[in-house]
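> This is a predicted model, with the sequence first.
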Amino acid sequence: MSHAKLLCLGGCREVGRSAYLLSLENKNFLLDYGVSLNDVPLFPSHVSPNSIDAILLTHSHLDHSGLVPLLFSSRITPRAYATQLSAEILEYLILDMMKLSGSYLPYEVEELYKTIENIRPLGYGEEVEIGGVVVKALNAGHVPGSCMFLLKSKNFKVLYTGDFNSIETRLVRPVDSDSVLLECPIDLLVVESTYGDRPHEDRALTEKGFVESVVDCVEGGGVVLVPAFAYGRAQEMLCVLYKYANDLTVYLDGMARSISLELLSFKDFLRDGGLYEEALEFVRFVRGPKDRRRLLKEGGVVISPSGMLKGGPSVFYAKRLADRSDSAIFLVSYQIPNTPGDYLLKHGKLAPDSEKVKCNVKWFDFSSHAGRSELFDFITKVVDRSEGRTKVVLVHGEERAVSSLEEALKGKGVEVLAPKNGELLTFKL
């Protein structure tokens, strides 16, 4: 009897370095190959490019993509698939990582460009056949261009969600749940669990609270720093501020500027391309140190990477706003434990050896991941539509989130696994 196998290379009971090797019909599919960006990057387990029939990249965030170029460091060039937008954004994000962590990375810029050249773009709903397995890309609703991958053999279907979101945001449309359910029965569901232990606030309330807090601060003469991921979150914050407070002076800094312009060529991946184009005409680009000094003096809002205050211009702004009681740092992204943003939220300090900040610090839940209820609803709908045959594998979540979601699903009779890194899971076809 033949089997499907899933080797967990990374991203299990943790957020970061997502990497899973799926063996189906004697073909090997690498589902993402990311890194964890700590002071010293953490990598998933090694996999030989010779053993890979196809790399399936859900999106270009570094915890999913950061080690892919290593697989192109020899004469072997595996096939790789992603949306065209993910391929374009990959260049920006990995070049930026190389500036910060290049001495730790086991590849050079040559391998990055070799990777990009070998990515074969897939549009949403588009299929490609690889050795008897049909691979289909579906909208994941996480960031522009992100996708899920459905893999279909003669007797077995696998859905790998990557990161996904089931609510509509100002930037992107939600996951294509209807298309997923039409593909049922699904035999194996490999699904993220980032927020498996906690719900999200209603998005409209989050937007309202954020805008009101920003307006209060700016009208009081202060500066609001919004640390945001350069790809996805920065553009969403721009759209939110344009939609509800377009009389404010809003600046965009760092790599978010170039990525924001890149997205103009991919408006089909956006919820409202017209709104986005207007928002970009409304925002002011920070061109250098002179502009930074001026905005700190004159006031306004600045959206800048990095979202966790680990690097980029946001670090410059945070240090200068820390002692200003009239100003604020509003975090709008997931804060990985022990990052500077996480430390600021927990201790009110930018670093262990610094003073408590005087500026206002808040976190707003603008997550691009499904919350606990959305995860539970998505998973149980797939299982029910598949008449209970679906085996669920929880990945991409910290221990507490995974355990909480696992317990809830088992309480509904769902067959669920929560593997550790290095485990090999086997499923009968």
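Looks like it arrived, so ask away.
> use CA for all of it now, contacts and neighbours both
Noted.
> which residues of the stretch 1-150 of the chain score low on pLDDT?
Using pLDDT under 70 as the threshold, the predicted model of the stretch 1-150 of the chain has low-confidence ranges 1.
> Could you do the stretch 301-429 of the chain as well?
In the stretch 301-429 of the chain there are no weaker segments when pLDDT under 70 is taken as the threshold.
> so who does the residue lying closest to G11 once chain neighbours are set aside touch?
Here the nearest residue to G11 in space, its sequence neighbours aside, is S18; by Cα to Cα, 6 or more residues apart in numbering that works out to 4.1 Å. The contact partners of S18, taken as Cα atoms under 8 Å, 6 or more residues apart in numbering, are 9-12, 32-35, 44, 63-64, 396.
> which of the residues you listed are buried?
9-12, 32-35, 44, 63-64, 396 (16 or more other Cα atoms under 10 Å).
> Out of the residues you listed, flag the one nearest to S153.
Set against S153, the nearest of those by Cα to Cα is D32 (20.0 Å).
> who's in contact with the residue sitting nearest the centre point of the chain?
Of all residues in the chain, the one closest to the mean position by Cα atoms, centre = their mean is H61, 5.2 Å from it. H61 makes contact with 90, 93, 231, according to Cα under 8 Å, 6+ apart.
> same question, V250
282-284, 300-303.
> Distance to V190 for the contacts of S18 - can I get that in a markdown table?
Converted to a markdown table, these look like this (distance: Cα to Cα, whole Å):
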| residue | distance to V190 |
| --- | --- |
| L9 | 14 |
| G10 | 13 |
| G11 | 12 |
| C12 | 11 |
| D32 | 12 |
| Y33 | 15 |
| G34 | 16 |
| V35 | 19 |
| P44 | 17 |
| D63 | 16 |
| H64 | 14 |
| H396 | 10 |
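> Which ones among those residues map onto strands?
Filtering the contacts of S18 for membership in strands, criterion DSSP state E, returns 9-10, 32-33.
> And the residue nearest to G11, how far from L409?
To L409, S18 is 22 Å away according to Cα to Cα, to the nearest Å.
> The nearest residue to L122 once chain neighbours are set aside - how many residues pack around it?
Among residues not flanking L122 along the chain, T83 sits closest, at 4.9 Å (Cα to Cα, 6+ apart). Using other Cα atoms under 10 Å, the number of residues around T83 comes to 25.
> any idea how far T83 lies from Y242?
28 Å.
> what about stretch 62-70, start to end distance?
Using Cα to Cα, the gap from the first to the last residue of stretch 62-70 comes to 13 Å.
> Tell me which residues are up against that stretch.
For stretch 62-70, the external contacting residues (Cα under 8 Å, 6+ apart) are 15-19, 32-37, 43, 57-60, 90, 93-94, 106-107, 111-112, 114-115.
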